[in-house]
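Chemist: Just a sequence and a predicted model for now, questions to come.
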Amino acid sequence: MENYLKMIAGLALLSFSTTFCPQDTKAGELPSNASQQPTQKAVASKTLKIDTFSALPPEIDGCSCYFSATTKEFKSNTYLYADDYQKTAFVRINGVMTKFQLKETKTLAGKHTIKKFSNKAFDLVIDIKQTGQIDETWQQKGTLKLTSKDGKTVLKNIVGECGC
């Protein structure tokens, strides 16, 4: 029960801070009201790099999934990936917050899920397996695979949770 109350308090604080506090943007980050489509910077880069972010995009409201590279980063709200638990996902690529649309979901045996997203410049595969549950959140571990349309690929281990 105590963990549940902490989670509710944290979500309320996050909701309040993202709604009422001004948000500074980092260099290369799009303001929350800007289009989050792949840009020439993200697509034309010689390297493909997944960057972290701490402020969730405004489209992520309510039930969601969010993942980090490590448990430590997850606990400090530093994410590699977030989705709205339905059809929209976000990854920060080469400094640009990039939006994806869900193309396919496969639910496999053993609480294993594969989600495939894409946009004009990239394909994204989230391959996760449930490792636990606390109240209305389900802890997950797995991999994030990002592939540019020209064949560049980045594979990252991820840890995080989905829930409401």
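Modeler: Yes, it's here.
Chemist: what's next to the helix or strand hosting Gly160, contact-wise?
Modeler: With secondary structure defined by DSSP states H and E, Gly160 is part of strand 153-163. The set of residues external to strand 153-163 that reach it, using C-beta atoms under 8 Å, 6 or more residues apart in numbering, is 48-50, 63-71, 74, 79-81, 85, 126, 128, 135-147. In this view, the C-beta of every residue, glycine as well, is placed from N, C-alpha and C.
Chemist: State the distance from the closest residue to Thr78 other than its chain neighbours to Cys63.
Modeler: Excluding the flanking residues, the one nearest Thr78 by C-beta to C-beta, 6 or more residues apart in numbering is Thr52, at 4.8 Å. Using C-beta to C-beta, to the nearest Å, one gets 22 Å for the distance from Thr52 to Cys63.
Chemist: now Asp83
Modeler: When Asp83 is compared with Cys63 (using C-beta to C-beta), they lie 10 Å apart.
Chemist: sorry, back to before: can you give the strand pairings for the strand holding Gly160, parallel or anti for each?
Modeler: For strand 153-163, sheet partners with direction are given as strand 64-68 (antiparallel), strand 137-148 (antiparallel), following DSSP bridges.
Chemist: Among the contacts of strand 153-163, name the buried ones.
Modeler: Listed as buried from these are 48, 50, 64-69, 74, 79-81, 126, 128, 137-142, 144, 146-147; burial here means 16 or more other C-beta atoms under 10 Å.
Chemist: just to revisit the earlier point, any chance of CSV for the strands paired with strand 153-163, columns distance to Gly163 and mean pLDDT?
Modeler: Compiled in CSV, the strands paired with strand 153-163 are given as follows (distance: least, C-beta to C-beta, whole Å; pLDDT from 0 to 100):
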stretch, distance to Gly163, mean pLDDT
strand 64-68, 8, 97
strand 137-148, 3, 98
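Chemist: and the ones you listed as CSV, adding distance to Val154?
Modeler: Shown next, in CSV, are those (distance: least, C-beta to C-beta, whole Å):
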stretch, distance to Val154
strand 64-68, 14
strand 137-148, 5
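Chemist: Pro57: which of the ones you listed is closest?
Modeler: For the strands paired with strand 153-163, the distance to Pro57 is smallest for strand 64-68, at 10.1 Å, taking C-beta to C-beta.
Chemist: Other residues contacting that closest one?
Modeler: When contacts are defined by C-beta under 8 Å, 6+ apart, strand 64-68 is touched by residues 52, 56, 60, 74, 78-85, 126, 128, 140, 142, 144, 158-163.
Chemist: Nearest to Thr105, out of the strands paired with strand 153-163?
Modeler: For the strands paired with strand 153-163, the distance to Thr105 is smallest for strand 64-68, at 11.6 Å, taking C-beta to C-beta.
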